[in-house]
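S.K.: Sequence first, then the predicted structure, then my questions.
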Amino acid sequence: MSRIGRLPIDVPAGVTISVDGREVAVKGPKGELTLTVAKPIEVAVEENQVLVTRPDDERESRSLHGLTRTLISNNIIGVTQGYTKGLEVVGTGYRVAQKGSSVEFALGFSHPVLIDPPAGITLTVEGNNKLTVSGIDKQAVGEAAANIRKIRKPEPYKGKGVRYAGEVVRRKAGKSGK
């Protein structure tokens, strides 16, 4: 039996969960998220707890059991607390500025790069080299942060580029002179 999948999920106050066939809707103070549960997995709500069960011990059922439980748990955390991911812009002349709801990057290209946030994602700038990506959907926050980082990944010689907050960039020695 899956150790993660069999754990019940406690539903905090202010969060309502409705199961309609394969759709699980989680509504909380920050918004609403829905999840489509894969075929063999069953979800039930019983007295402020969500229980995820599987019908058999087949390989696919076992793999989806823990995944489904974790996705529902992530949705509950998202509608109560939300998710944030920090990014840092490192490099001489590299900076980030807020332009309304979108963000403008100066990353050493011949032109500024303008990023519009996807639906449900908020981009906030602190100073001129820190950016915070926040939202209620964990997957969407991570994907938005990864797409911003992809514009100019940190390079290994000087460490310049966009990196996650707290990310350690492995540095290379470079050429040695005569």
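M.R.: Great, that's in hand. Residues are numbered from 1 along each chain as shown.
S.K.: The longest strand anywhere in the chain: how far from the chain's middle?
M.R.: For the chain, the strand reaching the highest residue count under DSSP state E is reported as strand 83-90. On the basis of CA atoms, centre = their mean, to the nearest Å, strand 83-90 sits 12 Å off its chain's mean C-alpha point.
S.K.: Likewise for stretch 72-92?
M.R.: Centre-to-centre, stretch 72-92 and its host chain are 6 Å apart (CA atoms, centre = their mean).
S.K.: Please name every helix or strand in contact with the helix or strand residue 43 falls within.
M.R.: For residue 43, the host element (DSSP states H and E) is strand 42-46. Contact here means 3 or more CB pairs under 8 Å, 6 or more residues apart in numbering; DSSP states H and E; on that basis strand 42-46 packs against strand 16-20, strand 49-53. (Glycine included, C-beta is placed from N, CA and C.)
S.K.: Tell me the strands beside it, with direction?
M.R.: Here strand 42-46 is paired, per DSSP bridges, with strand 49-53 (antiparallel).
S.K.: just so I have it, where are all the helices in the chain?
M.R.: For the chain, applying DSSP state H gives helices covering 59-80, 138-151.
S.K.: Can you get me a residue count around the closest residue to residue 122 other than its chain neighbours?
M.R.: Nearest non-adjacent residue to residue 122, counting by CB to CB, 6 or more residues apart in numbering: residue 134, 5.0 Å away. Residues lying near residue 134 (other CB atoms under 10 Å) number 18.
S.K.: For residue 121, find the nearest of the helices and strands packed on strand 42-46.
M.R.: When the helices and strands packed on strand 42-46 are compared by CB to CB, strand 16-20 sits nearest residue 121, at 23.4 Å.
S.K.: between the closest one and strand 42-46, how many degrees?
M.R.: Strand 16-20 runs at 140 degrees relative to strand 42-46, counting by axes from the mean of the first three to the mean of the last three CA atoms, to 10 degrees.
S.K.: Counting by contacts, list what strand 16-20 packs against.
M.R.: Using 3+ CB pairs under 8 Å, 6+ apart: strand 16-20 touches strand 23-28, strand 42-46.
S.K.: Having no further points to raise, I will conclude here.
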